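Undergrad: coords please:
(chains A and B)
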Amino acid sequence: MRIRAKLFAPYRELIGEPEVWLDIDPGRTVADAVEALQKAHPVLARQPYRPLTACNLRHVPGSHVLAEGDELALLPPVSGG
Amino acid sequence: VISMAGDDLIRVGPEPLDLAEVSQAVRRDSCGAIASFVGVVRNEHQGRRVQYLIYEAYAPMAEAEMARIAEEIHRRWKVERVGMVHRTGRLEISEASVIIAVAAPHRREALEACAWAIEELKKTVPIWKKEFTVDGGEWVLGDPSAPR
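TA: Below is the predicted model of the structure:
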């Protein structure tokens, strides 16, 4: 299945794209998707912080199971305010 | 993007922020107190002279998270309206990046809820700050511990 992964701030700049598509097997988790993204883009794995993750506009843990059409997001530690 | 979650004002976008507008939006005849917080761009960070900032947001999620914070405020305190607005894009020194206003019948609830709201926003709302000095731009990232 295909998942859209959105990238922000330093992650977006490192990859040069605000979003990427990912093909993963049904039943896979957010942690699996992050690992696949880090394999495809090793620069993501070299960052000092592990990304927080969101699915369909909500914070989710790595154990969250993905479904077709989900919008995954890799969030650097937030610094608004 | 403007959205009213119930009577609350939630907005993330590039428009300049105005405290009077947000206060007016939350004001109600039944409220004796409006507590507000304004975050502004400071000219230095850890000894470096800051020229300007750029804020980037995951806007739809940022608004959803801010609406969640407003809902939580209504559960915890006797508060009638909450306004939370955050600016994105380039901000100059002394410009407002965030405004929170809370209207309540009494001051204690308004003050407590407003103080809690800015702390919670800084922990969970997906917005990032890039700081520009004479040496160039650098992302300033927050506490990496995961939100609840």
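
Undergrad: buried stuff in the lowest-mean-pLDDT helix or strand in chain A?
TA: Lowest mean confidence among the helices and strands of chain A (mean pLDDT, DSSP states H and E): helix A:42-45, at a mean of 92. Buried residues in helix A:42-45, counted by 16 or more other C-beta atoms under 10 Å in any protein chain shown: residue A:44. C-beta coordinates here come from the backbone N, C-alpha and C atoms, glycine included.

Undergrad: packing partners of that helix?
TA: Counting contacts by 3 or more C-beta pairs under 8 Å, 6 or more residues apart in numbering or on different chains; DSSP states H and E, helix A:42-45 packs against helix A:9-15, helix A:30-40.

Undergrad: which one, of these, ends up nearest to residue B:126?
TA: Minimum separation from residue B:126 across these (C-beta to C-beta) falls at helix A:9-15, 9.2 Å.

Undergrad: for that closest one, which helices and strands make contact with it?
TA: helix A:42-45, strand B:127-133.

Undergrad: closest one to residue B:12 among those?
TA: Per C-beta to C-beta, nearest to residue B:12 of these: strand B:127-133, 7.4 Å.

Undergrad: ok, which of the helices and strands packed on helix A:42-45 comes nearest residue B:73?
TA: Of the helices and strands packed on helix A:42-45, nearest to residue B:73 by C-beta to C-beta is helix A:9-15, at 27.1 Å.

Undergrad: for the helices and strands packed on helix A:42-45, which one ends up most surrounded?
TA: Most buried of the helices and strands packed on helix A:42-45, by mean neighbour count (mean count of other C-beta atoms under 10 Å in any protein chain shown): helix A:9-15, with a mean of 19.

Undergrad: paired strands for the helix or strand just after that one, with orientation please.
TA: Next in sequence after helix A:9-15, counting helices and strands by DSSP states H and E, comes strand A:19-23. Strand A:19-23 pairs in its sheet with strand A:2-7 (antiparallel), by DSSP bridges.

Undergrad: report the buried residues of the strand it pairs with.
TA: A:3, A:5-7.

Undergrad: and which of those is nearest to chain B?
TA: Within the buried residues of strand A:2-7, distances to chain B taken as C-beta to the nearest C-beta reach their minimum at residue A:6, with 6.8 Å.

Undergrad: so which bits of chain B are right by chain A?
TA: Neighbours of chain A within chain B, by C-beta under 8 Å from any C-beta of the partner chain: B:39, B:55-58, B:60-62, B:64-65, B:86, B:97-98, B:118, B:121-130, B:139-144, B:146-148.
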